[in-house]
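**Student:** any chance you could fold what I've pasted below:
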Amino acid sequence: TEVQLSLELSGEGPFIARDFPTDIDFYNHDRLLGRYTTPGEFAEHKGKFTPEWWYYGQYGEQINVSITETGTCINGLETSAYTISDVQQDAQEEGFIKFKISCEDHSATKGGITLFGKRFGDYPQGIVMKVFYVFTTFFID
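**Tutor:** Numbers count the residues shown, from 1 in each chain. The predicted model follows:
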């Protein structure tokens, strides 16, 4: 009924570039789910879980991608008409779910991506994917 992807990320620019917007695209099986523009890198304070020895980008934003029967949302905003039925069809054809996170060369705001794991940034998690489904039991007399 739904697939959710949750992760912490920030943009990546020259040095520590707070004002360096980056377009980040999310795909499943090469089908665009949506684009999120991050304002830049975040380093004005140490991430809650970032080790003391780390001096680059310190934390990111938590991004939530949700695919339901009505379409795809990123952080609650509708970004595409790609539905859970599309996920099911692609997974059935390919045998797996294939998410991709990228910064495209043709993007208006080009930069990089910093992904934070459970021991870096402000959120103690890696990339988390949740798949929700309805389980039905049939009784035959």
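**Student:** with adjacent residues omitted, what lies nearest to Asp23?
**Tutor:** Ser107 (4.1 Å; C-beta to C-beta, 6 or more residues apart in numbering). To be clear about C-beta, it is placed using only N, CA and C from the backbone, and glycine gets the same treatment.
**Student:** check contacts around that neighbour.
**Tutor:** 22-23, 25 (C-beta atoms under 8 Å, 6 or more residues apart in numbering).
**Student:** between these, which has the most around it?
**Tutor:** Within the contacts of Ser107, most neighbours by other C-beta atoms under 10 Å means Thr22, with 24 neighbours.
**Student:** my read: that residue touches Gly13, true?
**Tutor:** Yes - with contact defined as C-beta atoms under 8 Å, Thr22 counts as touching Gly13 (7.1 Å).
**Student:** so what sits against both of those two?
**Tutor:** With C-beta under 8 Å, 6+ apart as the test, Thr22 and Gly13 both reach 40, 111-112.
**Student:** of the residues you listed, closest to Gly34?
**Tutor:** Set against Gly34, the nearest of the shared contacts of Thr22 and Gly13 by C-beta to C-beta is Gly111 (17.5 Å).
**Student:** and for the closest one, nearest residue in space, chain neighbours not counted?
**Tutor:** That would be Thr22: by C-beta to C-beta, 6+ apart, it lies 3.3 Å from Gly111.
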